[in-house]
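Peer 1: one predicted model, sequence on top.
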Amino acid sequence: MKPVQIFRSNSSVFQIRHFYVKNYRLREFLSSNSNWSNDPHHCLWFCSRCYQAVRKYSMENKQKETFMIAGLGNHDLPGTRHSVGMQLVNKLARFLTMDLKKNRDCLGFVGEKSLSHIHLVLLKPKQAMNINGASVLKTAKKHNVPVANIYLVHDDLDRKVGKVGLKEKGSAGGHNGVKSVIQSFRTDSIVRVRIGIDRPASIDMVSDYVLQKFRSEERAGIDDAIDQGILKIAQHIGARTGLSAAQIFQIIEDSDKIENCDKSNEGSEVT
C-alpha cells in the first residue's frame, strides 16, 4: 500500500505507511477521492480525524509484552511458611480480579489478564515443591513467556520474617523449588523475589518449620512483606519497560501497600 500523506499545515506532512483504515466512512472517502492526498486544501478538514484514527489503531494493536509470576509452594498446604509465594499470587489475583483456573497442561492453577501496559500470567504449581519446575516450564511455553520475563516468588530461610529481596540470577541457595525450576530451564538467570521466614533454632527443625503456619504475631509482618514483594515486581518490570510501578499493576507506589485487598490466604481458584 502506498504511503498516505496527511497534511496538517502547508509545511507539515505525515507519512503513515501500511495503514489499513477500518472505519467504513474513511474507506468510502478514500475510494471516492483517489486524488485527495495530492490536494492539501481538499483534505485539510480530514487530517485531524485520520491522524487520530491512526494513533488509536496503533495503540490498540501494539503487542503487549507477557510477564509471568509463579508462586512456589505446596498447594495442599496453602497457609504455611513454605507456601508464602503462593500467598503473594493469591493476593495479587484478588487485587487484579483474576481467577486462577486449574490447567492440566500447566500442572497447576493459572490466571491471565491483559492489563493496561502488559499481559500478565499468574501460576500456582499443583506439583510438590521439589518438582514444580516442570509446571513453571510448561506454563511459560504455553503462554510464550521468555525466561527473562518470569518472576519466581518463594520463602527464604536466610531473611528475617517480613524482609524481602529480589535476585536476578544465581544459585538456588538450597531452595528445592528454585532448584527444580533452574534444572527445568537449564539456566539460573531467573528473577526471584525472596520473602523472609527466618530460621528455626536448629537445622534439624527446618523440615517441620517450613510446613508450619505463621504465628499470629508474625502475620502482620508477612502481609506487609507480600505487599512489598508485589511492589518490587512492579518496580522491576517498570524499570525494564520504562513505566512506573503504578502503571504496571495500578498500585500506589508511595504507599508501599496494596490497598483495600482482603488479607485471607485463600485464592480465587476455579477447578
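Peer 2: Received it, and whenever you're ready, just let me know what you need. Computed from a predicted structure; not experimentally measured.
Peer 1: can you pull the domain assignment for the protein?
Peer 2: Annotated domains of the chain cover 4-60, 65-270 [automatic domain parsing].
Peer 1: helices along the stretch 101-250 of the chain, start to end?
Peer 2: Assigned by DSSP state H, counting those that start in this stretch, the helices in the stretch 101-250 of the chain fall at 133-142, 176-185, 206-209, 216-241, 245-249.
Peer 1: tabulate these (a markdown table), appending mean pLDDT, distance to Thr97 and mean neighbour count.
Peer 2: Every C-beta, even on glycine, is put in place using the N, C-alpha and C of the backbone. Listed next are the helices of the stretch 101-250 of the chain as a markdown table, based on pLDDT from 0 to 100; distance: least, C-beta to C-beta, whole Å; neighbours: other C-beta atoms under 10 Å:
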| stretch | mean pLDDT | distance to Thr97 | mean neighbour count |
| --- | --- | --- | --- |
| helix 133-142 | 97 | 20 | 21 |
| helix 176-185 | 96 | 27 | 21 |
| helix 206-209 | 90 | 34 | 13 |
| helix 216-241 | 94 | 15 | 18 |
| helix 245-249 | 86 | 12 | 20 |
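Peer 1: which of those helices sits closest to His154?
Peer 2: His154 lies closest to helix 176-185 among the helices of the stretch 101-250 of the chain, at 5.7 Å (C-beta to C-beta).
Peer 1: my guess is Ser189 contacts Val147. True?
Peer 2: Yes: counting by C-beta atoms under 8 Å, Ser189 does reach Val147; the two are 6.9 Å apart.
Peer 1: any regions of the protein where pLDDT drops low?
Peer 2: 1-62, 251-271 (pLDDT under 70).
Peer 1: quick one, strands of it?
Peer 2: 4-9, 12-16, 65-71, 100-103, 108-114, 118-125, 150-156, 164-167, 191-196, 269-270 (DSSP state E).
Peer 1: now for the longest one, which elements pack on it?
Peer 2: Going back to what we said before, that points to strand 118-125. strand 65-71, helix 84-95, strand 108-114, helix 133-142 (3 or more C-beta pairs under 8 Å, 6 or more residues apart in numbering; DSSP states H and E).
Peer 1: deepest-packed of these, please.
Peer 2: Comparing these by mean neighbour count (mean count of other C-beta atoms under 10 Å), helix 84-95 ranks first with a mean of 26.
Peer 1: just the angle between that one and helix 216-241, please?
Peer 2: For helix 84-95 against helix 216-241, the angle by axes from the mean of the first three to the mean of the last three C-alpha atoms, to 10 degrees is 70 degrees.
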